[in-house]
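Enquirer: dropping the sequence and predicted coords here.
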Amino acid sequence: MQLFKKTNIDFIGKRYYAFAFSAVLLLSGIVSLVVKGGPKLGIDFTGGTLVQLGFQTVVPMSELRVALAQKGYPDAELQDFQTEKSVIIRVPKSEKSATVLGEELTEAVRSQFVGSAPIVQRAESVGPAVGRALTNQALSAIIWATILIIIYVGFRFRSTLWGVCSIAALLHDVLSVVGIFSIMNKEISVTVVAGILTLAGYSMNDTIVIYDRMRENIRLSKKETLAEIINRSVNETLSRTIMTSMTVAITVLVLFLFGGSVIHDFAFALLWGVFVGSYSSIFVAAPIIYEWQARRDRKRAVAIAKGVRPGPVLKR
Amino acid sequence: MSRSQIVLWTTFVLVGLSIYFLVPTVRWYRMPVSERTDYEQQKDPILGKILNLGLDLRGGTHLILELDRSKLDPKININDALDRAIEIIRNRVDQFGVAEPMIARQGDRWIVVQLPGIKDPERAKELIGKTALLEFRLVDDSGALATFSSALAAKKMTVMQFLAQQKAETLSPEIAKLLPKGLEVIPNRETHYLMVHSPAALTGATLVDAKVQFGQGDMGGFPSVGIEFNPEGAKLFGQVTEANVNKQLAIVLDGMVQSAPVIRSAIPDGHAIIEGNFSAEEAKLLSTVLRAGALPAPVRVIEERTVGPTLGEDSIKAGVRSSLIGLFLVILFMVIYYRSSGLIADLAMLINMLFIFGVMACLHATVTLPGIAGTILSLAMAVDANVLILERVREELQAGKSVRLAIDLGYKHAWPAIIDGHVTNLISAGLLFQFGTGPIKGFAVTLFWGVLISIFTAVFFTHMVYDYWFSGTDAPELNF
């Protein structure tokens, strides 16, 4: 079976549409982040208490919210899992231990909703110091991963251009996930950070496969223009990009749908990451190499006209 | 040996090793629960060979404790203090009867305690947080224990049952009366007990130090434990030992006998040696416990996570079910899309999975839900490698190459992209492992090994299969 015969799509010619799309995607995320004062971090980072209650019957969220406010938890946040008949209740910056809070919340729910038979399925409380340490660890991991990947890619492709462009595509994907989490009011927990780092690895892998083909074609082809080479490379790898994205998307979609509440946000980050990662490899990573090189070529032409020694070229 | 033969034999060896490491795990999870409990109580060595389920999957309590540095004696090194605190906490958790607890340092001031299956974290916290009590108690030598146990036997009760009821505070006054006044029964580390005098002759508050020593006293060459009291304690200890030569003095920590050495002579200077039939390891443990005594400083709970057993079970079911569905769909998809070569890729993926669990079992790792996700993701990487290769092979076939040549060229051309993709993922997995804790670490470990194994199974293993396929004179056609 073959889904794609030979395609011949002019990706470079359509790059401004892609840039516009990415700009809208990223800007909406950034605006949301600015308006809401940064990403919404989970109790893993900020400290606080989380209790997951399971019920026998479905309890309406709005009524539960009112009931909790009456019991002195006006700033409790609710996340609801209809399929599991359970609700995650977060109380930011609570001094109470998870067990004590769990008992109080169970009591509050039991007295209001007869027959709901609430039980504490999960109770977590994290002190602010642990959260700070975790934030630092996560930041260190991200910064070091970025540095090491730029070094590795730069070494493998013998030019910083590829490394920097691949990181740009990567930042595009990570930022869009953080943005979508902010827009959807989802919070970023440790597991979500794991998901983001995974999608970073996936997106990187995806970009590198296409870059690898571009590098190969640049080396082999003498007559084509850079735009033609890039277009051909992306078209040649298109069936692979979509095949792989589909298989990964299948597994992640199943995780997202059936993996349960514990893994739900993690799977969401990955699911979004698969789509945006594949999109960015084709529509962002490839065109920015072109833009960068076109700019270099113009400089080079000017330099040659002035009789100065020209700078490096991509072809070799 | 050709490359194919090397790969073939490596595969055989790795499959064998994986199965070998996974056998105890399979045996374990097929056992009925009651049998598992027995093994856990006997601390059977099988416990160290199985893949454990993380607290997110089986339920339990996870605590992070912080040692209050401000209340720490400035003379005590913080590292030492943490080690001592961990030893005491472990001692207490053992009494709590938790199977496979995990107590470890995290960073330079935190202690992580994981108690699988414990649903009442308040009790656990109370037990861990309270100050340890170290006591020296004289052992009764009047035969009261024999009288007491036969009196109990008349009521159809063993001393162990008596102890259990006493601890649970369900002892009937009638039975409680059987214990002579001024005496107490105290268990030791093994399933045994001693009759000791009450109150304690001496407490550990005056103990200054405890060290393992070799080659001193009568037991020359054997390890013994030297202890040292402060002047006040030395005076009291001198009086007790003088009055009780040739009697046993039990060392009791948190209500449990650690050792019961015989007093050889009066010890006036506060320097005593505890001799016994110790191994070096036992002597070290005893000295740690003695030195530990009380927690060096109070601990505070700064993180607490409890996962109830139902959510744990649901998570297992959901995780396993979604993993299997995902796996099945990918297998199906590959076969439909690439037919027989898709089947070879699927075989590679299944072997990859076997290897991942084999490595995890060998490392005695803990399987968490993010860990399962890491496995799935590394399998996706493996599939991607095969997609890259097969797409290249198709290209070469379209360019008119023979099947044999197309396969070799496909591998050759796909290799740089595969290795670059895998290495970048190894980099992030390595950093996640380095900086992550708990669930993230579990995810990073499986991703790291999965990606590493993926290079072998998805590239070398499948290539070997093709090599053997075409080594016969009339190999059937392959589809791509």
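Expert: The structure has been received and is ready for your questions.
Enquirer: tell me what the longest helix along chain A is packed against?
Expert: As assigned by DSSP state H, the longest helix anywhere in chain A is helix A:226-258. Packing partners of helix A:226-258 (3 or more Cβ pairs under 8 Å, 6 or more residues apart in numbering or on different chains; DSSP states H and E): helix A:190-220, helix A:264-280, helix A:286-306, helix B:309-338, helix B:369-398. C-beta coordinates here come from the backbone N, C-alpha and C atoms, glycine included.
Enquirer: next, residue B:138: secondary structure please.
Expert: strand (DSSP: H, G, I helix; E, B strand; the rest coil).
Enquirer: for residue B:81, what is the enclosing helix or strand?
Expert: Element membership of residue B:81, judged by DSSP states H and E, is helix B:78-96.
Enquirer: I misspoke; the intended subject was residue B:224.
Expert: Taking DSSP H and E as the criterion, residue B:224 maps to strand B:223-229.
Enquirer: so what touches that strand?
Expert: Contact with strand B:223-229 is made by B:206-214, B:216-217, B:236-237, B:259, B:270-276, B:278-280, B:282-284, B:286-287, B:290, as judged by Cβ atoms under 8 Å, 6 or more residues apart in numbering or on different chains.
Enquirer: got a list of what residue B:404 touches?
Expert: residue B:470.
Enquirer: residues from the stretch 101-250 of chain B in reach of chain A?
Expert: With Cβ under 8 Å from any Cβ of the partner chain as the criterion, the stretch 101-250 of chain B comes near chain A at residues B:107, B:110, B:121, B:122, B:125.
Enquirer: separation between the residue lying farthest from the centre of chain A and residue B:18?
Expert: Ranked by distance from the centre of chain A (Cα atoms, centre = their mean), the top residue is residue A:307, with 46.8 Å. Distance, residue A:307 to residue B:18, by Cβ to Cβ, to the nearest Å: 66 Å.
Enquirer: now residue B:396
Expert: For residue B:396, the distance to residue B:18 - Cβ to Cβ - is 34 Å.
Enquirer: residues contacting residue A:194?
Expert: Here residue A:194 is in contact with A:266, B:370, B:373, B:432, B:436, B:439, B:440, B:443, B:444 (criterion: Cβ under 8 Å, 6+ apart).
Enquirer: go again using 6 Å as the cut-off
Expert: B:370, B:440, B:443 (Cβ atoms under 6 Å, 6 or more residues apart in numbering or on different chains).
Enquirer: tell me the confidence at it?
Expert: Looking at residue A:194, its pLDDT is 75.
Enquirer: same deal with residue B:12?
Expert: The score at residue B:12 is 95. That number is its pLDDT.
Enquirer: again, but for the one 3 residues further on
Expert: On pLDDT, residue B:15 comes in at 95.
Enquirer: if I look at it, how far off is residue B:149?
Expert: Counting by Cβ to Cβ, the separation of residue B:15 from residue B:149 is 56 Å.
Enquirer: more crowded one of these two?
Expert: Comparing residue B:15 with residue B:149 by neighbour count (other Cβ atoms under 10 Å in any protein chain shown), the higher total belongs to residue B:149, at 18 against 14.
Enquirer: and after the helix or strand encompassing that one, which helix or strand comes next?
Expert: Assigned by DSSP H and E, residue B:149 belongs to helix B:144-154. Next helix or strand after helix B:144-154 toward the C-terminus (DSSP H and E): helix B:159-168.
Enquirer: if we can go back for a sec, for the helices and strands packed on helix A:226-258, which one sits closest to residue A:98?
Expert: Set against residue A:98 and scored by Cβ to Cβ, the helices and strands packed on helix A:226-258 come closest in helix B:309-338, at 13.7 Å.
Enquirer: about what we covered before: how about the helices and strands packed on helix A:226-258 in JSON lines, adding distance to residue B:359?
Expert: Formatted as JSON lines, the helices and strands packed on helix A:226-258 follow (distance: least, Cβ to Cβ, whole Å):
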{"stretch": "helix A:190-220", "distance to residue B:359": "19"}
{"stretch": "helix A:264-280", "distance to residue B:359": "23"}
{"stretch": "helix A:286-306", "distance to residue B:359": "37"}
{"stretch": "helix B:309-338", "distance to residue B:359": "17"}
{"stretch": "helix B:369-398", "distance to residue B:359": "11"}
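Enquirer: among these, which is nearest residue A:234?
Expert: helix A:286-306 (5.3 Å).
Enquirer: low-confidence ranges, the stretch 51-200 of chain A, go.
Expert: A:93-95 (pLDDT under 70).
Enquirer: show me which residues of it sit near chain B.
Expert: A:97-99, A:121-127, A:130, A:137, A:140-141, A:144-145, A:148-149, A:156, A:190-191, A:194, A:197-198 (Cβ under 6 Å from any Cβ of the partner chain).
Enquirer: let's see which of the residues you listed end up in strands.
Expert: Counting by DSSP state E, the part of these found in strands is A:121, A:122, A:123, A:124, A:125, A:126.
Enquirer: the first one: how many residues sit nearby?
Expert: In this case it means residue A:121. Neighbours of residue A:121 (other Cβ under 10 Å): 27.
Enquirer: isn't it right up against residue A:55?
Expert: No. Using Cβ atoms under 6 Å, residue A:121 is not in contact with residue A:55; the gap is 10.0 Å.
Enquirer: only whichever of the residues of the stretch 51-200 of chain A next to chain B are buried, select them in ChimeraX.
Expert: In ChimeraX syntax, the buried subset of these is picked out as below (16 or more other Cβ atoms under 10 Å in any protein chain shown):
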select /A:97,98,99,121,122,123,124,125,126,127,130,137,141,144,145,148,149,156,190,191,194,197,198
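Enquirer: what about the strands in the stretch 1-150 of chain A?
Expert: Remark: strands assigned in the stretch 1-150 of chain A by DSSP state E, counting those that start in this stretch are A:48-54, A:77-81, A:86-92, A:119-126.
Enquirer: just how off-centre is the stretch of helix or strand residue B:431 belongs to within its chain?
Expert: Using DSSP H and E, residue B:431 sits in helix B:403-435. Taking Cα atoms, centre = their mean, to the nearest Å, one finds helix B:403-435 lying 33 Å from the centre of the chain it belongs to.
Enquirer: quick check: what element follows the helix or strand containing residue B:355 along the chain?
Expert: For residue B:355, the element it lies in under DSSP H and E is helix B:340-362. Using DSSP H and E, the helix or strand that follows helix B:340-362 towards the C-terminus is strand B:366-367.
Enquirer: hang on, the earlier thing: what about the helix holding residue B:355, near chain A?
Expert: No. Applying Cβ under 6 Å from any Cβ, one finds helix B:340-362 out of contact with chain A, separated by at least 9.3 Å.
Enquirer: quick one: that helix to helix B:403-435, angle?
Expert: Going by axes from the mean of the first three to the mean of the last three Cα atoms, to 10 degrees, helix B:340-362 is angled at 30 degrees with respect to helix B:403-435.
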